[in-house]
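**Q** Here is a sequence together with a model predicted from it:
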Amino acid sequence: MHKVLFAALTLVALAAPALAAEPYGVWRRPEDGTTFTFFRCGAGLCVKVKGVTDPADRKYIGAMVFSGANKIGPNAWEGRVKNLEDGQTYMGKITLTSASSLTLDGCVLGGAICKGETWTRER
């Protein structure tokens with residue numbers, strides 16, 4: 001009986017990281033408190049602005065930041081990211097670094113110059 005229980009607990013423990021490797025849900029940018037919703041769209045990953053802390057930025061709520069990002073690895077997605085401040089679109093990558101943390105990188109010049117942020121999971 002102990003072997004069966006141990007085997008079941010081992011399977012549960014191994015399954016937990018796989019479940020945590022999905023970015024779907026709400027994430028917060030710590031720098032300004034903006035929240036983003038990550039969701040499936042077609043075969044890809046999409047990200048839109050959920051909430052802002054500055055009333056002047058309310059115009060961004062509902063704006064799509066990532067649209068149809070493709071999964072390129074176990075914890076990584078790549079696509080086009082839109083900078084809402086300047087309206088430009090850049091090559092972007094989302095990488096889950098843990099169950100509660102991810103990085104979003106935007107790059108120009110074929111990836112020669114990149115800028116990244118770390119966001120935290122809300123729920």
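**A** Received it, and whenever you're ready, just let me know what you need.
**Q** low pLDDT regions in the chain?
**A** 1-20, 111, 123 (pLDDT under 70).
**Q** do that again at 90, thanks
**A** 1-22, 42-43, 67-68, 83-85, 106-115, 123 (pLDDT under 90).
**Q** give me the beta-bridge partners of F38?
**A** G25, V47 (DSSP bridges).
**Q** Output stretch 53-66 as CSV, restricted to C-alpha atoms.
**A** Written as CSV, here are the backbone C-alpha positions of stretch 53-66 (Å, rounded to 0.1, in the frame of the first residue of the first chain):
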residue,chain,number,x,y,z
THR,A,53,-3.0,52.4,-12.1
ASP,A,54,-2.7,55.8,-13.8
PRO,A,55,-6.1,57.2,-15.0
ALA,A,56,-4.3,58.8,-18.0
ASP,A,57,-3.5,55.3,-19.2
ARG,A,58,-7.1,54.0,-19.2
LYS,A,59,-7.1,54.3,-23.0
TYR,A,60,-4.8,51.2,-23.1
ILE,A,61,-7.3,48.9,-21.3
GLY,A,62,-8.2,46.1,-23.7
ALA,A,63,-5.4,46.8,-26.1
MET,A,64,-3.6,43.8,-27.5
VAL,A,65,0.1,43.7,-26.7
PHE,A,66,0.9,40.2,-28.1
